[in-house]
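Trainee: only geometry, no sequence info:
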């Protein structure tokens, strides 16, 4: 049976060498994923010695993509997607267009055909969802406003690429590749739109009722292994079925599967149960990328590689940066989205393979795409680390950056008709997500005046429609808290899950109003203790507060029972 063990051999080699190279990368102060990529190169066909099965590794990596996207869907509701549509939809479409033109410019410079330029440009325009999610999760900002915008942006990119994959075979003939003259383009495009629409409708209408109900049925068996099996089966099974029946990508299918299962109260447990497998298979994704890479392209075509990396890391990121600022979002959001897009991944590989099979893209094009992917993925964590220093540098030295960061925006200041009595002794509420909305509803019900500060323009508009005084912007900027009249406020309540700017918010609030009380939300016990010492305010930790409330209920019930 030894000749049938290629699957086991591939998994063992990928995980083993991934662990070894990942540890070496961490020891030299590099991200672990750089080690995973190096492990892939080491066991790939382009280097001497042991060679793993590339095809099997790619399929295993697809499972990792499914599980990762499923986990994102469990934390990302349809409302979250709709909340960011005004920036994610136009931003993603324009950024894809700009990056594609940049790639076509390189292809023209190298005397490639028009078809090769289009495929090459599209491959450079779409970022890797896997890399983005790992970066956002590592920094604890996946559920923040900036995280939701970045994820929504990439979901739009994925939807566009699904359409591109269908249209490309029909266009390959007139573009100089294999195929007909494109007579089947419109029927194929119409069919794809119907399939995607049918899939989304099915998941949102039928799936959100059936799958949460099924998860509850499994949970009632009290079997942990059955529950874990149901979660993994749902993620992989729905992703596969969506691809076979509706023609959408595995990643998109798994994402919507997670979104509908989020309707269940067991969604947090589902995310926790799938985490170990998700982490293991995401390692296989990076290793499989490294296995496809031929290091000789760095020696034979260094200037080509440099041009590709510049387009990926700087060109399309700069385009996204400008677009976000033009859409009147803060500088921090623009930098976060730019760093998120400064890499390419799974869809780029699929486009490159399809372009080669259609005779549009030369072999050098695929090698350059892989080289750009590996280098940009390795650099991406460094770009995220540079967000704060770059933001401080731009604010300190560029009056233009400060001007673009807070343009003449009607949402950046409170409405003129806001009663003055509501702007003294009020609560300043930062964040209008799920927790923030609950706090706002309770304050409103009790007649407590408050002012909302929120980065999402759509949420600010919705709050104003409800009669809530609200300003748009990052509360870590003094001008936002000043607009919220923090100087006369009784309390600052920070309900946003993004804890990176909490200390700055509290510091600014205390400087403007030394007597203001601060209430902070966090999910991390260590972070909570640090915030208590630094802010001197009340810090709520999700798990601790839930446990405390349940304990008080138990003790009160026992005391009441003892009295009777």
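Mentor: Arrived safely, thanks for sending. Worth saying up front: this structure is predicted, and the values here are computed from it rather than measured. Residues are numbered from 1 along each chain as shown.

Trainee: CA only for contacts and neighbour counts going forward, please
Mentor: Will do.

Trainee: Low-confidence stretches in the stretch 351-500 of the chain?
Mentor: Filtered on pLDDT under 70, the stretch 351-500 of the chain yields the residue ranges 398-412, 416, 497-500.

Trainee: mind listing the strands in it by residue range?
Mentor: Secondary structure of the stretch 351-500 of the chain (DSSP state E, counting those that start in this stretch): strands at 427-430, 450-454, 470-472, 491-494.

Trainee: For residue 23, which of those is the nearest?
Mentor: Relative to residue 23, the nearest member of those by CA to CA is strand 491-494, separated by 37.4 Å.

Trainee: Pull the distance from the helix or strand following that closest one to the chain's centre.
Mentor: For strand 491-494, the following helix or strand on the C-terminal side (DSSP states H and E) is helix 502-512. From the chain centre to the centre of helix 502-512 is a distance of 28 Å (CA atoms, centre = their mean, to the nearest Å).

Trainee: same for the helix or strand following helix 502-512, what does it pack against?
Mentor: Using DSSP H and E, the next helix or strand after helix 502-512 towards the C-terminus is strand 517-522. Counting contacts by 3 or more CA pairs under 8 Å, 6 or more residues apart in numbering; DSSP states H and E, strand 517-522 packs against strand 491-494, strand 538-541.

Trainee: would you turn the strands of the stretch 351-500 of the chain into TSV with distance to residue 238?
Mentor: Formatted as TSV, the strands of the stretch 351-500 of the chain follow (distance: least, CA to CA, whole Å):
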stretch	distance to residue 238
strand 427-430	37
strand 450-454	35
strand 470-472	38
strand 491-494	38
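
Trainee: Out of those, flag the one nearest residue 56.
Mentor: So among the strands of the stretch 351-500 of the chain, strand 450-454 is nearest, using CA to CA, at 46.1 Å.

Trainee: Give the partner strands of the closest one in its sheet and their orientations.
Mentor: Strand 450-454 sits in its sheet next to strand 427-430 (parallel), strand 470-472 (parallel), going by DSSP bridges.

Trainee: any idea which of those strands is most buried?
Mentor: Across the strands paired with strand 450-454, averaging neighbours per residue (mean count of other CA atoms under 10 Å) puts strand 470-472 on top, at a mean of 29.

Trainee: Pull the residues that contact that strand.
Mentor: 411-414, 451-457, 460, 463-464, 480, 483-484 (CA atoms under 8 Å, 6 or more residues apart in numbering).

Trainee: Just the ones in helices from the residues you listed, please.
Mentor: The helices, defined by DSSP state H, take in 457, 460, 463, 464, 480, 483 from the contacts of strand 470-472.

Trainee: show me the contacts for the nearest residue to residue 436 once chain neighbours are set aside.
Mentor: Nearest non-adjacent residue to residue 436, counting by CA to CA, 6 or more residues apart in numbering: residue 495, 5.4 Å away. Contact analysis of residue 495 by CA under 8 Å, 6+ apart lists 429, 430, 431, 432, 433, 435, 436, 520, 521.

Trainee: ok, of those residues, which come out buried?
Mentor: Neighbour-count burial (16 or more other CA atoms under 10 Å) applied to these gives 429, 430, 431, 432, 433, 436, 520, 521.

Trainee: for the residues you listed, which one is nearest residue 351?
Mentor: residue 433 (36.5 Å).

Trainee: Just give the nearest non-adjacent residue to that closest one, would you?
Mentor: residue 496 (7.1 Å).

Trainee: Output the contacts of residue 495 as CSV; include the columns distance to residue 14.
Mentor: Formatted as CSV, these follow (distance: CA to CA, whole Å):
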residue, distance to residue 14
429, 48
430, 45
431, 42
432, 43
433, 40
435, 41
436, 44
520, 43
521, 40
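
Trainee: wait, which of those is closest to residue 172?
Mentor: Using CA to CA, the contacts of residue 495 come closest to residue 172 at residue 433, 45.5 Å.

Trainee: now that closest one: how far from residue 443?
Mentor: 15 Å (CA to CA, to the nearest Å).

Trainee: what does residue 428 give?
Mentor: 11 Å.

Trainee: Find the residues that touch each one of these two.
Mentor: Contacts common to residue 428 and residue 443, judged by CA under 8 Å, 6+ apart, are residue 450.

Trainee: Which of the helices or strands spans the closest residue to residue 383 other than its chain neighbours?
Mentor: Computed as CA to CA, 6+ apart, the closest residue to residue 383 that is not its neighbour in sequence is residue 339, at 5.7 Å. Using DSSP H and E, residue 339 maps to helix 331-341.

Trainee: So which residues make contact with that helix?
Mentor: Helix 331-341 is contacted from outside by 126-128, 132, 146, 149-150, 312-313, 316-318, 320-322, 324-325, 380, 383-384, 387, 391, 401, 405, using CA under 8 Å, 6+ apart.

Trainee: Derive a ChimeraX selection command for the buried subset of those.
Mentor: To isolate the buried ones among the contacts of helix 331-341 in ChimeraX, judged by 16+ other CA under 10 Å, type:
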select :126,127,128,132,146,149,150,312,313,316,317,318,320,321,322,324,325,380,383,384,387,405
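
Trainee: From residue 350, how far out is residue 335?
Mentor: Look at residue 335 and residue 350: by CA to CA, they are 28 Å apart.

Trainee: Between those two, which is the more surrounded one?
Mentor: Set residue 335 next to residue 350 and count neighbours by other CA atoms under 10 Å: residue 335 wins out with 25 against 13.

Trainee: what sits against the residue nearest the centre of the chain?
Mentor: In the chain, the residue lying closest to the centroid (CA atoms, centre = their mean) is residue 151, at 3.3 Å. Contacts for residue 151 (CA under 8 Å, 6+ apart) come out as 129, 132, 133.

Trainee: where's the second one relative to residue 68, distance?
Mentor: Relative to residue 68, residue 132 is positioned 11 Å away (CA to CA).

Trainee: Could you do the last one as well?
Mentor: Plainly put, residue 133 is 8 Å away from residue 68 if you go by CA to CA.

Trainee: When those two are compared, which one has more neighbours?
Mentor: residue 68 (28 against 21).

Trainee: just to revisit the earlier point, now do the helix holding residue 339, average pLDDT.
Mentor: For helix 331-341, the mean per-residue pLDDT is 86.
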